[in-house]
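1. Kindly generate the corresponding structure for this input.
(2 chains)
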Amino acid sequence: NAGVTQTPKFRILKIGQSMTLQCTQDMNHNYMYWYRQDPGMGLKLIYYSVGAGITDKGEVPNGYNVSRSTTEDFPLRLELAAPSQTSVYFCASRLQTNTEAFFGQGTRLTVV
Amino acid sequence: AQSVTQLGSHVSVSEGALVLLRCNYSSSVPPYLFWYVQYPNQGLQLLLKYTTGATLVKGINGFEAEFKKSETSFHLTKPSAHMSDAAEYFCAVSVNDYKLSFGAGTTVTVRA
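-> Residues are numbered from 1 along each chain as shown, chains lettered A, B, ... in the order given. Okay, the predicted model is just below:
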C-alpha cells in the first residue's frame, strides 16, 4: 500500500497565484484532513471530510477550498496566495474516530 | 470541544536518561489519545494510542504512555534515551466526532 500520497513536495508561489495541493489515499478511509504546520504552533486543521461529497471547515479555512468527489482524493486549493500561507501542509486520513491517522510526507509551500 | 496542552516546547536529555514528555487534554467525554513522532522533513508517524482498556499502553521504539483520567494526562516516557529519539513529538486527542486535535509539539534533543 502507498498510504497517503501528497504532491508536490515543494512549491514556490508568487503572491496572488493559485495552486492545488493533491492528496490521495489507497486505504479506503472515510475521514480525510488537511493541516498546516508552522514552527511552534503544532498542526492546525484547515478542512476535513467525512466522506465523498462532504466537506467542512476546520480552525483556519480562510484562503483555502477543498472538494471530495471520490473516497480516494482530497485536493486543497489555494486561491490568491498570500505570504501568510507559507507553511508545510499535511494531508491525513483515517478509518474512523478511534483509529490513528496516517499522514502524507507534506508539501512545503513558500509564497513570495 | 477537545484540546491538548503539551508542557515544554523543548526537552534536552542525555543519552541513556529517562525521556518524559507531558500531555494534558481537555474533553467532556472519554477521549481517544495518540502520540506521534516527526523526524525532520517527514510526516507524522504513530508511536502509540489509547482508545479503551488498559491505561498503560506500549508503543514502538520502547515508548509507553499512561492514561490518567483523574489527572487528564497522557504523558509519554522512555526509560533510556537513544540518539535516534531526537525528533518532534505531538500529542493528539479525538472524541466521537471527526476532529483530531494536536498539541503544539515538543522537540527532543539527545546529548551524547
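2. Show me which residues of chain A sit near chain B.
-> A:4, A:31, A:33, A:35, A:40-43, A:45, A:48, A:50, A:56, A:90, A:92, A:94, A:97-98, A:100-101, A:103-106 (CB under 8 Å from any CB of the partner chain). Quick note: C-beta positions are derived from backbone N, CA and C, even for glycine.
3. Which of the residues you listed are buried? Put it as a PyMOL command.
-> Here is the PyMOL selection string for the buried members of the residues of chain A next to chain B, based on 16 or more other CB atoms under 10 Å in any protein chain shown:
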select buried, chain A and resi 4+31+33+35+42+43+45+48+50+90+92+94+97+100+101+103+104+105+106
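4. In the sheet, which strands lie alongside the lowest-mean-pLDDT helix or strand in chain B, parallel or antiparallel?
-> When each helix and strand of chain B is scored by mean pLDDT, DSSP states H and E, strand B:100-102 comes last, with a mean of 90. Within its sheet, strand B:100-102 is paired with strand B:87-94 (antiparallel), according to DSSP bridges.
5. mean confidence for the strand it pairs with?
-> Summarised as a single mean, pLDDT over strand B:87-94 is 95.
6. Need the CA coordinates for that strand. PDB is fine.
-> The C-alpha trace of strand B:87-94 is given here as PDB (Å, rounded to 0.1, in the frame of the first residue of the first chain):
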ATOM      1  CA  ALA B  87      12.700  14.400  16.900                       C
ATOM      2  CA  GLU B  88       9.500  16.400  17.500                       C
ATOM      3  CA  TYR B  89       6.700  14.700  19.400                       C
ATOM      4  CA  PHE B  90       3.000  15.500  19.200                       C
ATOM      5  CA  CYS B  91       0.100  14.600  21.500                       C
ATOM      6  CA  ALA B  92      -3.300  14.400  19.900                       C
ATOM      7  CA  VAL B  93      -6.900  13.900  21.100                       C
ATOM      8  CA  SER B  94     -10.000  12.700  19.400                       C
END
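7. Fine by me, thanks again.
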